[in-house]
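Colleague: model the following, please.
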Amino acid sequence: MTVKPLADRVLVKPIEMAEVKKGGIIIPDTAKEKPQEGEVMEIGPGRVADDGKKVPMEVKKGDHILYGKYSGSEITVDGTEYLIMRESDILAIVTK
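Modeller: All right, here's what the predicted structure looks like:
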């Protein structure tokens, strides 16, 4: 199954950060914070402005992004979890 976001929405695959703790403390999955980094998997065509012109997307497929803790809606496609969010929920593009 494929998912193609509409308007200014973005399909994001959250990136789980490696959990390394000093002292050997193990934190259960239920106590871990939600990831706030992800990779853009698909983008919509962009939103239409009030004057009727299409506003192009600032992010592109493959970008590594930071987003708000409670941004987006969670979906599962073929056993993989994704988020669908508006482009305005994206805080930054991370470059390495």
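
Colleague: could you use CA atoms for every contact and neighbour count after this?
Modeller: Will do.

Colleague: what pLDDT is listed against the closest residue to L6 other than its chain neighbours?
Modeller: Excluding its sequence neighbours, the residue lying closest to L6 (C-alpha to C-alpha, 6 or more residues apart in numbering) is G44, at 4.7 Å. Looking at G44, its pLDDT is 95.

Colleague: contacting residues for G44?
Modeller: Counting by C-alpha atoms under 8 Å, 6 or more residues apart in numbering, G44 makes contact with 4-10, 57.

Colleague: now tabulate these in TSV and tack on secondary structure.
Modeller: Shown next, in TSV, are these (DSSP: H, G, I helix; E, B strand; the rest coil):
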residue	secondary structure
K4	coil
P5	coil
L6	coil
A7	coil
D8	coil
R9	strand
V10	strand
M57	coil
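
Colleague: compare those residues and tell me which has the most neighbours.
Modeller: Ranked by neighbour count under the definition other C-alpha atoms under 10 Å, the contacts of G44 are headed by V10 with 29 neighbours.

Colleague: distance-wise, check it relative to V59.
Modeller: Remark: distance between V10 and V59 (C-alpha to C-alpha, to the nearest Å) = 9 Å.

Colleague: next: E81.
Modeller: 20 Å.

Colleague: which of the two has more neighbours?
Modeller: V59 (17 against 12).

Colleague: shared neighbours, V10 and V59?
Modeller: 40, 43, 87.

Colleague: what's the helix or strand for the residue nearest to the spatial centre of the chain?
Modeller: Nearest to the mean C-alpha position of the chain, by C-alpha atoms, centre = their mean, lies V12 at 3.3 Å. Element membership of V12, judged by DSSP states H and E, is strand 9-14.

Colleague: now do that strand, average pLDDT.
Modeller: Rounded mean pLDDT across strand 9-14 is 96.

Colleague: could you list the low-pLDDT ranges of the chain?
Modeller: 17-35 (pLDDT under 70).

Colleague: would you map the strands across this protein?
Modeller: Remark: strands assigned in the chain by DSSP state E are 9-14, 37-43, 47-48, 54-55, 64-67, 73-77, 80-86, 90-94.
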